[in-house]
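S.K.: Quick one, what's the 3D model for this:
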Amino acid sequence: MKTISTITLLIATCFFANAQEKSSNLDATNSIGKWTIEATVGQGKGVNPYSEGYFSSNPKSFFGSIQANDFSLGFRYMINPKFGVKTALTYQNFKNISNNGSLPFEMNMMGISFQGVANLRRIFDLEHTFKKVGLFVHAGIKIDQMESKTQNNVASLVNHNYGVKEYNGGLILGVTPQFKISDKFSINLDVSVQSNYRQHFNWDGSYSTANNNLKGQIVTTSLGLSYTL
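M.R.: Below is the predicted model:
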């Protein structure tokens, strides 16, 4: 009887210790990594609209030409290990690529976004398979201030609204692969598409045609570093 009691006590002790360990691990998982600071630099391209003679592509290069014209600083908060929210401040400077055949133009844009975030690595329980690789998706709204910096050409009938500002808003959707280089630091690659629904300007600064119906689109590809508090 004494032996049975001892064995029962040992089993109960091991079970309690295991339960405590699992509880501690769960608490650690939920408490670590809630706040993250993200900084990125990359390339943003105004896909459309443009007036005649202006464009951002480079017909002479199959893969296009790289411009470092997109900068952002963001803050992410994970409500739980799978879902969170983020906000980001951005600055973008759109120009024609040198010697690509487009007429010269310049547009500055500053904005702020509010988005939801999903951690696909956690959602699909891939933490043991991909220990250092993560994958986030994010989507939400973005508000921007655009300012035309295209000089007006007196020989042209098109007004490029030099110095004129306007506010617009739209939806943003992106995917962010991540590689952890330490417990705190990660390298991020982000690809996002933004669709505006209150954009009067073409990307060259002139006003878009009435049949464009206030639409504009941007694609950004950026590389950055994130630090988890």
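S.K.: Tell me where the protein is predicted with low confidence.
M.R.: 1-32, 61-64, 154-156 (pLDDT under 70).
S.K.: Could I get the full set of strands for this protein?
M.R.: 35-48, 70-78, 83-95, 106-119, 133-148, 165-180, 185-196, 216-228 (DSSP state E).
S.K.: Export those to JSON lines and append columns for mean neighbour count and distance to Ser206.
M.R.: For the C-beta atoms, the positions are set from N, CA and C on the backbone; glycine is no exception. Listed next are those as JSON lines, based on neighbours: other Cβ atoms under 10 Å; distance: least, Cβ to Cβ, whole Å:
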{"stretch": "strand 35-48", "mean neighbour count": "18", "distance to Ser206": "13"}
{"stretch": "strand 70-78", "mean neighbour count": "19", "distance to Ser206": "22"}
{"stretch": "strand 83-95", "mean neighbour count": "18", "distance to Ser206": "13"}
{"stretch": "strand 106-119", "mean neighbour count": "18", "distance to Ser206": "11"}
{"stretch": "strand 133-148", "mean neighbour count": "18", "distance to Ser206": "8"}
{"stretch": "strand 165-180", "mean neighbour count": "17", "distance to Ser206": "12"}
{"stretch": "strand 185-196", "mean neighbour count": "18", "distance to Ser206": "16"}
{"stretch": "strand 216-228", "mean neighbour count": "18", "distance to Ser206": "13"}
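S.K.: Count the residues that sit near Val122.
M.R.: Slight slip there: residue 122 is Arg, not Val. 18 (other Cβ atoms under 10 Å).
S.K.: Nearest to Glu127 among the strands of the chain would be which one?
M.R.: Closest approach to Glu127 among the strands of the chain (Cβ to Cβ): strand 133-148, 8.9 Å.
S.K.: quick one, what contacts Glu127?
M.R.: Each residue near Glu127 by Cβ atoms under 8 Å, 6 or more residues apart in numbering is listed here: Arg121.
S.K.: any idea how far Gln178 is from it?
M.R.: 13 Å (Cβ to Cβ, to the nearest Å).
S.K.: quick one on the thing from earlier: need the strands of the chain in CSV with distance to Asn159, can you?
M.R.: Formatted as CSV, the strands of the chain follow (distance: least, Cβ to Cβ, whole Å):
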stretch, distance to Asn159
strand 35-48, 18
strand 70-78, 27
strand 83-95, 18
strand 106-119, 14
strand 133-148, 10
strand 165-180, 14
strand 185-196, 21
strand 216-228, 18
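S.K.: you'd agree Lys82 is up against Arg121?
M.R.: No - using Cβ atoms under 8 Å, Lys82 is not in contact with Arg121; the gap is 9.2 Å.
S.K.: who has more neighbours, these two?
M.R.: Arg121 (19 against 14).
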